[in-house]
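Chemist: Quick one, what's the 3D model for this:
(one chain, ligands or ions: 1)
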Amino acid sequence: MKKVAILTSGGDAPGMNAAIRAITLQALHFNWQVIGFNAGYNGLLNKDYQLLDSYSVNDIIRYGGTILKSARCSAMKTPEGPILAAKVLAELNIDCLFVVGGDGSFRGACAIAPHYKGNIIGLPGTIDNDVNGTDQTIGFATAIDTAIDAIDKIRDTANAFERIFVVEVMGRDCGFIAIESAIACGAEQVICKEIIDNETSFINRLLSAIKQSVSENSRQSYVIVLAEHALSMSAHALSELIATRCNIDCRAAILGYIQRGGSPVAEDRILATQLGIAAVNLALENQKMVMVGKRNGKLVTVPLAETNLKNEQNKQLIQRLNQFNFNLSGRINQH
Ligand code: F6P
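Modeler: Presented below is the predicted three-dimensional model:
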């Protein structure tokens, strides 16, 4: 009989509970013992864990957040942290650790690996969709739906006042949430790091596009979806700049943490369930240090060490922009 452990780490994402449930049920199916570390790597370092059985994961699939709690763990960035983590895993006789998180969480896993005889398997869980090796991360689909719902509501008031809105969405340093929600909401502009070569000229192009649009049709609203951290200025500073330079009413709205919460949509529940089952099957096959993801509809494995390669992600993002005819200033080509 194997003994396995699960932890959820980094920014929580809707669907993490579905992943915990799938891993637990599949592991129990093989008669393995399952424990869950509380609050990410902190629980591992402090030996703070709970036994997981079918009762513990009953009816959690529909809830956001994570029953195991999550955290960012600064100790894992020190040389001692990963060594201690490996020691605890060995002491508790853990054969395999399942890490549900983003690239930071997988960096932690890679740091433990040289000191640990057991296995670590990753499942991509973050709203940001910034993990290399999977088309979609657990939580991304729900975050997009939440952002769309909020932006649609902002559009109503923007229409009523014929205003410009800068809506900031999350994504850390990655523009996927911005691009997908901009496409789905019919935003006039999207701004993310990946499409900015030079910020000053980018902003100048943006301002001319807005001026032109306003002169062509002053009775319309105008929505700009801004990825957080894309610019050196804040969403509020950008909206003030637009208001002053275009001589028009402009407001900023920061969507923030609502994007991380809520009941996971079907896509996230199903993805998390598929990845959870696949992860346990990989542990059974004794596959080492991989993340399980989904590409072009098929389950794939990627070495954990390659999950933070940004080039592949950027290529996908630019392809996505091109598919929908955003030009470089981010404006959607209407023709
Ligand atoms: O990684 C998920 C995420 O929500 C990012 O989109 C955001 O930049 C970050 O986490 C916020 O982190 P914290 O919860 O530490 O404020």
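Chemist: Val265 - nearest residue in space that isn't next to it in sequence?
Modeler: Thr142 (4.8 Å; C-beta to C-beta, 6 or more residues apart in numbering). From N, CA and C alone the C-beta is placed, and that goes for glycine too.
Chemist: can you give me the strands for the stretch 151-300 of the chain?
Modeler: Applying DSSP state E, counting those that start in this stretch to the stretch 151-300 of the chain gives strands spanning 164-169, 189-191, 222-227, 250-254, 290-295, 298-303.
Chemist: Would you single out the least confident of those strands?
Modeler: Mean pLDDT per stretch puts strand 189-191 lowest among these, at a mean of 92.
Chemist: Give the pairing partners of it; include direction for each.
Modeler: Based on DSSP bridges, the strands next to strand 189-191 in the sheet, each with its direction, are strand 222-227 (parallel).
Chemist: tilt between the strand it pairs with and strand 250-254?
Modeler: With axes from the mean of the first three to the mean of the last three C-alpha atoms, to 10 degrees as the basis, strand 222-227 and strand 250-254 are set at 40 degrees to each other.
Chemist: Could you pick out the residues of the stretch 201-335 of the chain near the ligand for me?
Modeler: Counting by C-beta under 6 Å from any ligand atom, the stretch 201-335 of the chain comes close to the ligand at 228, 260.
Chemist: Surely the residue nearest to Val265 is within a helix?
Modeler: Yes - note on Thr142: a helix contains this position according to DSSP: H, G, I helix; E, B strand; the rest coil.
Chemist: so what's it up against?
Modeler: For Thr142, the contacting residues are 13-15, 64, 127, 262-265, 267-268, by C-beta atoms under 8 Å, 6 or more residues apart in numbering.
Chemist: Now the buried members of those residues.
Modeler: Among those, those scoring as buried are 13-15, 64, 127, 262, 264-265, 267-268 (criterion: 16 or more other C-beta atoms under 10 Å).
Chemist: I'd like these laid out as CSV, including distance to Ala158 and pLDDT.
Modeler: CSV is the format used below for the buried ones among the contacts of Thr142 (distance: C-beta to C-beta, whole Å; pLDDT from 0 to 100):
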residue, distance to Ala158, pLDDT
Ala13, 29, 98
Pro14, 27, 98
Gly15, 31, 98
Gly64, 28, 98
Ile127, 24, 98
Gly262, 23, 98
Pro264, 29, 98
Val265, 25, 98
Glu267, 28, 98
Asp268, 29, 98
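Chemist: ok, which pair from the residues you listed is furthest apart?
Modeler: Gly64 and Glu267 (14.1 Å; C-beta to C-beta).
Chemist: Pick out the residue of the stretch 101-250 of the chain closest to the ligand.
Modeler: In the stretch 101-250 of the chain, no residue comes nearer to the ligand than Met170, which is 3.3 Å away by C-beta to the nearest ligand atom.
Chemist: The residue nearest to that residue when sequence neighbours are not counted and Ala22: what is the separation?
Modeler: Taking C-beta to C-beta, 6+ apart, and ignoring the residues beside it in sequence, Met170 has Gln259 as its nearest neighbour in space, at 4.9 Å. In this structure, Gln259 lies at 23 Å from Ala22, with C-beta to C-beta, to the nearest Å as the measure.
Chemist: same deal with Val167?
Modeler: Per C-beta to C-beta, Val167 is found 34 Å from Ala22.
Chemist: Among these two, which residue is more densely surrounded?
Modeler: Looking at Val167 and Ala22 with other C-beta atoms under 10 Å, you find the greater number of neighbours at Val167, namely 26 against 23.
Chemist: For the more buried one, which residues are in contact?
Modeler: Neighbours of Val167 in contact, by C-beta under 8 Å, 6+ apart: 150-151, 154, 187, 223-226, 235, 252-255.
Chemist: can you pull out the helices in the stretch 201-335 of the chain?
Modeler: Secondary structure of the stretch 201-335 of the chain, counting by DSSP state H, counting those that start in this stretch: helices at 235-246, 266-284, 310-323.
Chemist: For the longest one, name the packing helices and strands.
Modeler: The elements that helix 266-284 packs onto, with contact taken as 3 or more C-beta pairs under 8 Å, 6 or more residues apart in numbering; DSSP states H and E, are helix 16-29, strand 96-101, strand 119-124, helix 140-161, strand 290-295, strand 298-303.
Chemist: Pull out the buried residues from that helix.
Modeler: Neighbour counts over helix 266-284 (16+ other C-beta under 10 Å) mark 267-269, 271-280, 282-283 as buried.
Chemist: again, but for the first one
Modeler: For helix 235-246, the buried set under the neighbour-count rule, 16+ other C-beta under 10 Å, comprises 235, 238-243, 245-246.
Chemist: Give me every residue in the stretch 1-150 of the chain lying close to the ligand.
Modeler: Residues of the stretch 1-150 of the chain found near the ligand (C-beta under 6 Å from any ligand atom) are 10-11, 72, 102, 126-128.
Chemist: what residues are up against the residue in the stretch 201-335 of the chain that the ligand sits nearest to?
Modeler: For the stretch 201-335 of the chain, the residue positioned closest to the ligand under C-beta to the nearest ligand atom is Arg260, at a distance of 5.3 Å. Arg260 makes contacts with 11-14, 64, 127, 139, 143, 170, as judged by C-beta under 8 Å, 6+ apart.
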